[in-house]
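Asker: Quick one: sequence and predicted model below, then my questions.
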Amino acid sequence: MKKILVLCTGNSCRSQIAEGYLRHFAGNKAEVYSAGIETHGVNPKAIATMKEDGIDISQHTSNNIDEYSNIDFDFVITVCDNAKERCPYFPSKAIKFHQNFPDPAKATGTDEEIREEFMRVREMIKSYSQKFVADNL
């Protein structure tokens, strides 16, 4: 079984959404983890936008990359430029992937505009996750 780590800055939004979709699409082909350079807690709007698409991430936790230093990952996916630049080195044979997604937590405007930005980014991550699983697992 392959092991996948999704990295972002705060492990609150983009990496949580990616973890949810990668788990969904990979099924029993992979163990999926997510972590951040920092931990900011799971964003309630990320939980809500995933629930709208039938994926429950409400039990996810915000984890620091240091918690996974003993796991030999097959794939590491960074989902923001900041995480790619600041990712600490850890010995691993992991194949690294990078895809920068906009941070929906930084969206401004009305509640509806913010919700739409979360949905837009969710769909980008969903598409990426589905393709990643199809191409790599």
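Answerer: Received, thanks.
Asker: the helices in the protein, which residues?
Answerer: 14-26, 44-52, 81-86, 111-136 (DSSP state H).
Asker: Can you tell me which of the ones you listed is most buried?
Answerer: helix 14-26 (a mean of 25; mean count of other Cβ atoms under 10 Å). C-beta here means a position set from N, CA and C on the backbone, and glycine is covered the same way.
Asker: send the alpha carbons of that one over as CSV?
Answerer: Extracted as CSV, the C-alpha positions of helix 14-26 are listed here (Å, rounded to 0.1, in the frame of the first residue of the first chain):
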residue,chain,number,x,y,z
ARG,A,14,-6.1,23.0,1.0
SER,A,15,-4.2,20.0,2.4
GLN,A,16,-7.3,18.8,4.4
ILE,A,17,-9.4,19.0,1.2
ALA,A,18,-6.7,17.1,-0.8
GLU,A,19,-6.4,14.5,2.0
GLY,A,20,-10.2,13.9,1.8
TYR,A,21,-10.3,13.5,-1.9
LEU,A,22,-7.2,11.4,-2.2
ARG,A,23,-8.6,9.0,0.5
HIS,A,24,-11.9,9.0,-1.4
PHE,A,25,-10.4,8.3,-4.9
ALA,A,26,-7.5,6.0,-3.7
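Asker: Report the angle between it and helix 44-52.
Answerer: 20 degrees (axes from the mean of the first three to the mean of the last three Cα atoms, to 10 degrees).
Asker: how far off helix 111-136 does helix 14-26 point, in degrees?
Answerer: Using the same axes, to 10 degrees: helix 14-26 against helix 111-136 is 50 degrees.
Asker: Tell me which other helices or strands helix 14-26 touches.
Answerer: strand 2-8, strand 30-36, helix 44-52, helix 111-136 (3 or more Cβ pairs under 8 Å, 6 or more residues apart in numbering; DSSP states H and E).
Asker: quick one: contacts for Glu38?
Answerer: 9-11, 64 (Cβ atoms under 8 Å, 6 or more residues apart in numbering).
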